[in-house]
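Asks: Predicted coordinates and the sequence they were generated for:
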Amino acid sequence: MNKHNGLKPGNTRTVDEITSGRRLRRMRKAAWSRRLVQENHLRVDDLIWPIFLIEGEGQQEPVEAMPGVSRYSVDLAVRQVELAAKLGIPAIATFPNVDVASRDGQGTAILDPNNLINRATRAFKDAVPEVGIITDVALDPFTDHGHDGILRDGVVINDETVKQIAHAAVLQASAGADVIAPSDMMDGRVGAIRDALDSNGFQDVAILSYATKFASAFYGPYREAIGTSGLLKGDKNTYYISAANTDEAMREVEQDLEEGADMVMIKPGLPYLDIIRRIKDAFAMPTFAYQVSGEYSMIKAAEANGWLDGKQAMMESLLAFKRAGCDGVFTYFAPEVAKHLRS
């Protein structure tokens, strides 16, 4: 061995000479160079802001399990959409907390042209037409049992539910929704919604399918927000995807795209980054994730306890979605992130 550098005889390069050509830290030494070579970027254009709705006027109700998030009556929700426009957030998604008196076993209030979702959509489009409005046609906010479909003898009935949500999709499009986003996971609902929209003159209304919605523990705070946490009878394992399955998720996406989905959603987000990457690579379609309530609340709770830097965790978590292949993210952090990016 060479006594000067510890290398085998015949190798005249020193350790410093060998590593000098391979120093990956060179481009990390300054903020400007780190920015120059950053591979993935989070922009305001990547954000979709979920907003919770309640009845009444001048009403704002904090969601206890989601610090910083509130439910808004339509008049105050309009102000939130105006804020979205000011911040450059391209789209919002609405989720209603429907009065218990308006809920029944079939979720029939979703077929009311003047229900909370549709009134809000009309108000948003009148006030801020440039912001995209995404509406969900799942029945769970409208049922007295908390399921996403019509429940009979303990079974969620697929085909009757599909007919109802296809009808509801037309009503939502009539109110001004730009995108219909079915999150119910009933078989065949995307094709039925596409047919219903097209036959009623709404060929330009897009469908964002919650194509891979998993049976997850991370939805808890959301169910409080829409008032279904105490209503749910049983679980949703018969129609949501098992957290253990990836091939099944791929089949769901393929089926929804064949039926006419323009975009697909993975929900929840961070626990399923592998699914996001696989779907994006396989189908190369507009792909979104929902950073769900449980993900949001974990970061907020840890921040409140001083266990982590909330702003850094927020930004890092959203960059993870971009790195995995997402074109955009539903996130309750949207206004906070938009303000941070603008600053």
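Replies: Good, I have the coordinates.
Asks: contacting residues for I89?
Replies: Neighbouring residues of I89 by CB atoms under 8 Å, 6 or more residues apart in numbering: V44, L47, I48, W49, V131, A334, P335, A338. No exception for glycine: its C-beta is placed from N, CA and C like everyone else's.
Asks: where are the low-confidence patches of the stretch 1-150 of the chain?
Replies: 1-12, 15-21 (pLDDT under 70).
Asks: can you give me the helices in the stretch 101-250 of the chain?
Replies: Ranges of helices within the stretch 101-250 of the chain are 116-127, 158-175, 189-199, 220-225, 247-259, based on DSSP state H, counting those that start in this stretch.
Asks: Find me whatever residue is spatially closest to L151, sequence neighbours aside.
Replies: H145 (5.1 Å; CB to CB, 6 or more residues apart in numbering).
Asks: how many other residues sit next to that neighbour?
Replies: Counted by other CB atoms under 10 Å, the residues lying close to H145 total 20.
Asks: now swap in G201 and tell me
Replies: With other CB under 10 Å as criterion, G201 counts 11.
Asks: residues in contact with it?
Replies: Counting by CB under 8 Å, 6+ apart, G201 has no contacts.
Asks: isn't V170 right up against R194?
Replies: No. Applying CB atoms under 8 Å as the test, V170 and R194 come out as separate, 11.3 Å apart.
Asks: Where strands are concerned, which of the contacts of I89 count?
Replies: Mapping those onto strands (DSSP state E) picks out L47, I48, W49.
Asks: contacting residues around the first one?
Replies: Residues touching L47, when contacts are defined by CB under 8 Å, 6+ apart, comprise I89, P90, G328, V329, T331, A334, V337, A338.
Asks: and which of those residues is nearest to F214?
Replies: Nearest to F214, judged by CB to CB, of the contacts of L47 is V329 at 16.4 Å.
Asks: which strands and helices sit next to the strand or helix carrying the closest one?
Replies: In this assignment (DSSP states H and E), V329 forms part of strand 328-331. Applying 3 or more CB pairs under 8 Å, 6 or more residues apart in numbering; DSSP states H and E, one finds that strand 328-331 contacts strand 47-54, strand 287-291, helix 310-324.
Asks: That one: partners in the sheet, and parallel or antiparallel?
Replies: strand 47-54 (parallel), strand 287-291 (parallel) (DSSP bridges).
Asks: Format those as CSV; extra columns: distance to R342.
Replies: As requested, the strands paired with strand 328-331 are exported to CSV (distance: least, CB to CB, whole Å):
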stretch, distance to R342
strand 47-54, 12
strand 287-291, 20
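Asks: ok, and which of the ones you listed has the densest surroundings?
Replies: The highest average neighbour count among the strands paired with strand 328-331, using mean count of other CB atoms under 10 Å, belongs to strand 287-291 at a mean of 26.
Asks: now the angle between helix 310-324 and it, please.
Replies: For strand 287-291 against helix 310-324, the angle by axes from the mean of the first three to the mean of the last three CA atoms, to 10 degrees is 150 degrees.
Asks: which residues sit against strand 287-291?
Replies: With contact meaning CB under 8 Å, 6+ apart, strand 287-291 is reached by 48, 208, 210, 263-270, 272, 276, 279-280, 317-318, 321, 324-333.
Asks: again, but for stretch 31-43
Replies: With CB under 8 Å, 6+ apart as the criterion, stretch 31-43 contacts R26, M27, R28, M315, L318, L319, K322, R323, V337, L341.
Asks: follow-up on the earlier one: just the buried members of the contacts of strand 287-291?
Replies: 48, 208, 210, 263-270, 272, 276, 279-280, 317-318, 321, 324-326, 328-333 (16 or more other CB atoms under 10 Å).
Asks: any residues touching stretch 221-240, and which ones?
Replies: 52, 63-66, 69, 71, 95-98, 100, 103, 140-141, 143-149, 151, 154-156, 158, 184-186, 213-216, 220, 292-294, 296-297.
Asks: Give the PyMOL command for selecting the buried subset of the residues you listed.
Replies: Only the buried entries of the contacts of stretch 221-240 go into this PyMOL selection, using 16+ other CB under 10 Å:
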select buried, resi 52+63+65+66+69+71+95+96+97+98+103+140+141+143+144+145+146+147+148+149+151+156+158+184+185+186+213+214+215+216+292+293+294+296+297
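Asks: so F95 makes contact with W49?
Replies: No. Checked against CB under 8 Å, the pair F95 and W49 is beyond contact range at 11.2 Å.
Asks: residue ranges of the strands in the stretch 1-150 of the chain, please?
Replies: Listed in chain order, the strands of the stretch 1-150 of the chain (DSSP state E, counting those that start in this stretch) span 47-54, 60-62, 70-73, 91-96, 132-135, 150-152.
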